[in-house]
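In: Give me coordinates for this.
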Amino acid sequence: MRRRDFLATPLLLPTLLAAEESVAYPPVTPGRRLRFPRDHGAHPDFRTEWWYVTGALDAPQADIGFQLTFFRRRTGFAETLRSPLAARQILFAHAALTLPGDRLRHTERVARANLGASFSSTDCDVAIGAWRLWREMRGPREILRLRMQSASFSYDFTLTPSQPPMLQGDDGYSRKGAAPELASYYVSWPRLRVDGLLLRDGRRQAVAGQAWFDHEWSTAILGDRAVGWDWLGINLTDGGALMVFRLRDAQGATLYAHAAWRDATGRRRRFDSAEIRFTPLRRWASPRSGASYPLELEIHLADLTVRTRPVIDDQELVTSRPAPVVYWEGLVKLSGGLEGRGYLELTGYADTLRL
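Out: The predicted structure is shown next:
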């Protein structure tokens, strides 16, 4: 049995996502002051957490997209067992590479903490096997490093900040619905310079581009009526950054929305739910899942209007570990009142998203 199959076998992950015991997960509450680098690290008491890196490369060719996401899940299972191998924490990761004029390549990993996976609670450092995302100091400057390997593609990138992190919502307390408990702690780090090496089709190539880093942790994000979300993170051509999201119901109506725009000078503008409107302009139907995704969106932010256009249409991820999840996540270009490139994420179109 290969090691990656051993880590994912049902004998080791027995219905962990569905077998929660009675666990008192802490709520997300306003007023908590985020402290770094500690809050770049894991928060294992909370139910869910993810570290999310997306980027657009201009070398070795223009408009190559990449993403690497690590997810941590407190399962609510085996809480009373004393063994360090108890399946209290599961980590899984998705990686993808968008090649313009070609196709999306993606791969995934899963393992339990202390048995193939690890995370730090004092700084950003999360790993599954050879896949790793971590923060380190290079002289007086901090950088992020990410590394992953697969049969289809591999990369080893350094991300160098040009701007400080961006606390979303109210100083990092990001509402996800009308109820105050529907919230996450949420920090973004836009405008990260990317350099390093990309391996694809047997060729090792130097890269250059820009990336976006997100880190969120929470106990409850999706309310009873929510089936998924639309999220957009864009590094703007003028040196700014834009983040927009909305939660949707089964009819496609917006349940809650929020946006934050930071210009190149650091000035910020926030948009509340009533100021935001999503209008689908063009949809793409997946030949695999049958889901219909609104890839070209017109997003109205009060007096500002922007539009998305994907680099390629087929950037759907069909994943299976630790449970089947289907969503669209890909590199898009932004036009209209603001211009730039970044990632659009569309969940809950193939099936209701479960967290």
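In: Contacts only, for the residue lying closest to Arg309 once chain neighbours are set aside.
Out: Spatial nearest neighbour of Arg309, excluding adjacent residues (CB to CB, 6 or more residues apart in numbering): Lys333 at 5.1 Å. From N, CA and C alone the C-beta is placed, and that goes for glycine too. Contacts for Lys333 (CB atoms under 8 Å, 6 or more residues apart in numbering) come out as 308-309, 311, 339-341.
In: Kindly recompute the last result at 10 Å.
Out: Counting by CB atoms under 10 Å, 6 or more residues apart in numbering, Lys333 touches 56, 63, 234, 237, 307-311, 339-342.
In: Likewise for Arg103?
Out: Arg103 neighbours (CB under 10 Å, 6+ apart): 97, 312, 314-315.
In: same thing but 8 Å
Out: Each residue near Arg103 by CB under 8 Å, 6+ apart is listed here: 312, 314.
In: what's the spacing between it and Val332?
Out: Arg103 is 16 Å from Val332, where distance means CB to CB, to the nearest Å.
In: Run through the helices of the stretch 1-150 of the chain in chain order.
Out: Under the criterion DSSP state H, counting those that start in this stretch, the stretch 1-150 of the chain contains helices at 3-8.
In: which residues of it fall in strands?
Out: Taking DSSP state E, counting those that start in this stretch as the test, the strands found in the stretch 1-150 of the chain are 48-59, 64-74, 89-98, 104-113, 116-119, 125-128, 131-138, 141-149.
In: can you tell me the average pLDDT over the fourth one?
Out: In other words, strand 104-113. Averaging pLDDT along strand 104-113 yields 94.
In: Direction included, what does that strand pair up with?
Out: strand 89-98 (antiparallel), strand 116-119 (parallel) (DSSP bridges).
In: Just give me the neighbour total for the nearest residue to Arg321 once chain neighbours are set aside.
Out: Leaving aside its chain neighbours, Arg321 sits nearest to Val110 (4.0 Å; criterion: CB to CB, 6+ apart). For Val110, the neighbour count with other CB atoms under 10 Å is 24.
In: do the same with Asp272
Out: 12.
In: so who does it touch?
Out: So Asp272 contacts 257-258 (CB under 8 Å, 6+ apart).
In: Tell me which other helices or strands the helix or strand containing Val244 touches.
Out: According to DSSP states H and E, Val244 maps onto strand 241-248. With contacts defined as 3 or more CB pairs under 8 Å, 6 or more residues apart in numbering; DSSP states H and E, strand 241-248 has these neighbours: strand 183-200, strand 228-236, strand 254-262, strand 276-285.
In: Highest mean neighbour count out of the ones you listed?
Out: strand 228-236 (a mean of 22; mean count of other CB atoms under 10 Å).
In: Note down every partner strand of that one and its orientation.
Out: Counting by DSSP bridges, the strands paired with strand 228-236 are strand 241-248 (antiparallel), strand 340-347 (antiparallel).
In: Show me the residue at the heart of the chain, geometrically.
Out: Tyr52 (3.7 Å; CA atoms, centre = their mean).
In: Distance-wise, check that one relative to Glu181.
Out: Distance of Tyr52 to Glu181, computed by CB to CB: 22 Å.
In: and if you look at Arg309?
Out: Applying CB to CB to Arg309 and Glu181 gives a distance of 36 Å.
In: In which helix or strand does the residue nearest to Arg309 reside?
Out: Element membership for Lys333 (DSSP H and E) is strand 325-336.
In: Give me the buried positions along that strand.
Out: Using 16 or more other CB atoms under 10 Å as the test for burial, strand 325-336 gives 325-334.
In: pLDDT and distance to Glu142 for those - can I get that in a markdown table?
Out: Formatted as a markdown table, these follow (pLDDT from 0 to 100; distance: CB to CB, whole Å):
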| residue | pLDDT | distance to Glu142 |
| --- | --- | --- |
| Val325 | 88 | 32 |
| Val326 | 92 | 36 |
| Tyr327 | 94 | 31 |
| Trp328 | 97 | 32 |
| Glu329 | 97 | 27 |
| Gly330 | 97 | 29 |
| Leu331 | 98 | 26 |
| Val332 | 98 | 28 |
| Lys333 | 98 | 29 |
| Leu334 | 98 | 28 |
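In: Can you get me a residue count around Ala264?
Out: 13.
In: What residues does it make contact with?
Out: By CB under 8 Å, 6+ apart, the neighbours of Ala264 are 236, 238-240.
In: again, but for Arg74
Out: Contacts of Arg74 by CB under 8 Å, 6+ apart are 23, 25, 44-48, 88-89.
In: same thing but 7 Å
Out: With contact set as CB atoms under 7 Å, 6 or more residues apart in numbering, Arg74 has these partners: 44, 46-47, 88-89.
In: Drop anything exposed from the residues you listed.
Out: Buried residues within these, counting neighbours by 16+ other CB under 10 Å: 46-47, 88-89.
In: Among those residues, which pair sits farthest apart?
Out: Distance extremes for these: the farthest pair is Phe46 and Arg88 at 12.6 Å, using CB to CB.
In: Can you list the buried residues in stretch 297-305?
Out: Counting neighbours by 16+ other CB under 10 Å, stretch 297-305 gives 297, 299-301, 304 as buried.
In: Any idea how far apart the tips of that stretch sit?
Out: 10 Å (CA to CA, to the nearest Å).
In: low-confidence ranges in the protein?
Out: 1-21, 355 (pLDDT under 70).
In: about what we covered before: just give me the closest of the contacts of Arg74 to Arg267.
Out: Closest to Arg267 out of the contacts of Arg74 is Phe46 (31.5 Å), distances taken as CB to CB.
In: Grab the nearest non-local neighbour of that closest one.
Out: The shortest distance from Phe46 to any non-neighbouring residue, by CB to CB, 6+ apart, is to Trp217 (4.8 Å).
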